[in-house]
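Novice: Next input, structure requested:
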Amino acid sequence: MIQSKLKGMGVAFITPFNEDESVDYEAITRLIDFQLSNGTDFLVILATTAETPTLSPDEKAEIRRLIVERVNGRIPIVMGVGGNNTRMVVEQLEHDDLQGIDAILSVVPFYNKPSQEGMYQHFRTIAAASRKPVILYNVPGRTGVNMTAETTLRLARDCQNIIGIKEASGNFGQIDDIIKNKPDTFEVLSGDDGITYPLITLGAVGVISVIGNAFPREFSQMTRLALAGDFRNALAIHQRFAELFKLLFVDGNPAGVKAMMHSMGLIKNKLRLPLVPTRLTTYEEIREVLHQLGIKC
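Specialist: A predicted model of the protein is given here:
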């Protein structure tokens, strides 16, 4: 089962841009090699952190092709396929080339603010249409509405190919409820780097990480240690990066991680509107913390 492979640290892969805001395909190749050589367990591509709403259909197709070709089956790939128009999501699932994709990540519909029944019917329809296993994505800070534990568990029980959830509600009681009452074939992944460690102690099986773009070796090690029950050493790594967890989102995502990666010499510090780079003060704070961690900037 694919869910046995979607554990540990998955990386919410960014889209690097050139100075003219064209997609930096050369950087994508370098970053994929960086992930593969530093312990990343799986990749999540063309999702929120990838600035996917700003990419053209041709750009998305080329990014998908390049990543699938470069990974070449060495680790699983999850692709973002979601939206607030259920029919359009179904059409995308029917027409997109999903060769080399192991599962899809589908977000709770944003802006529309559907009811719990609307969310249930949305995801049930997507599950019925999908040729690939489905991971739910609950992120009320972005969508404006929270999918409750009751709705998540209902979907997990009723839809065989809904195999897990990326939970970014930050509600520990809700997430604990899902973990305690889920079917054995359904897994919970943290959607927030800063709470990955405590969620694993509750029974989450990993994270879909933003900071893993910059620190795949360290954060994958933290995740593996926690999953193995070595909580003392996992906590030490978690605490080492605690300040960076905060700085990642001060000026929005992926502005924080792109500033971090630019400081480390990995990419250009470019985003597409309506997103803009971090403020200079945030950038300097990130550089200072990286310096304290012994990272050359």
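Novice: measure residue 121 to residue 187 for me?
Specialist: 23 Å (C-beta to C-beta, to the nearest Å). For every residue, glycine as well, the C-beta is placed using N, CA and C.
Novice: Specify which residue of those two has the higher count of neighbours.
Specialist: Between residue 121 and residue 187, counting by other C-beta atoms under 10 Å, residue 187 is the more crowded of the two (22 against 13).
Novice: Backbone dihedrals for the more buried one, both of them.
Specialist: phi -120, psi 160 (degrees, to the nearest 10).
Novice: For the residue nearest to residue 191 when sequence neighbours are not counted, grab the count of nearby residues.
Specialist: Closest residue to residue 191 apart from its sequence neighbours, by C-beta to C-beta, 6 or more residues apart in numbering: residue 168 at 2.9 Å. Residues lying near residue 168 (other C-beta under 10 Å) number 23.
Novice: repeat for residue 289
Specialist: Neighbours around residue 289, by other C-beta under 10 Å: 18.
Novice: One more: residue 96?
Specialist: Around residue 96 there are 18 residues (other C-beta under 10 Å).
Novice: and the gap between the closest residue in space to it that isn't next to it in sequence and residue 231?
Specialist: Leaving aside its chain neighbours, residue 96 sits nearest to residue 81 (7.1 Å; criterion: C-beta to C-beta, 6+ apart). Look at residue 81 and residue 231: by C-beta to C-beta, they are 35 Å apart.
Novice: Also residue 122?
Specialist: 37 Å.
Novice: Of these two, which one has the most company?
Specialist: More crowded of residue 122 and residue 231, by other C-beta under 10 Å: residue 122, with 24 against 15.
Novice: How about that one: what's its closest non-neighbour residue?
Specialist: Closest to residue 122 by C-beta to C-beta, 6+ apart is residue 86, at 5.0 Å.
Novice: how many other residues sit next to that neighbour?
Specialist: 19.
Novice: all helices for the protein, in order.
Specialist: With DSSP state H as the definition, the chain shows helices at residue ranges 25-36, 57-71, 86-95, 116-129, 140-143, 149-158, 172-181, 196-202, 216-227, 231-240, 242-247, 255-263, 280-292.
Novice: mind checking which of those helices is nearest residue 1?
Specialist: Comparing the helices of the chain against residue 1 with C-beta to C-beta, the closest turns out to be helix 149-158 (14.1 Å).
Novice: if I pick the residue nearest to residue 191, what's in contact with it?
Specialist: By C-beta atoms under 8 Å, 6 or more residues apart in numbering, the residues touching residue 168 are 137-141, 190-192.
Novice: I'm done for today, thanks for sticking with me.
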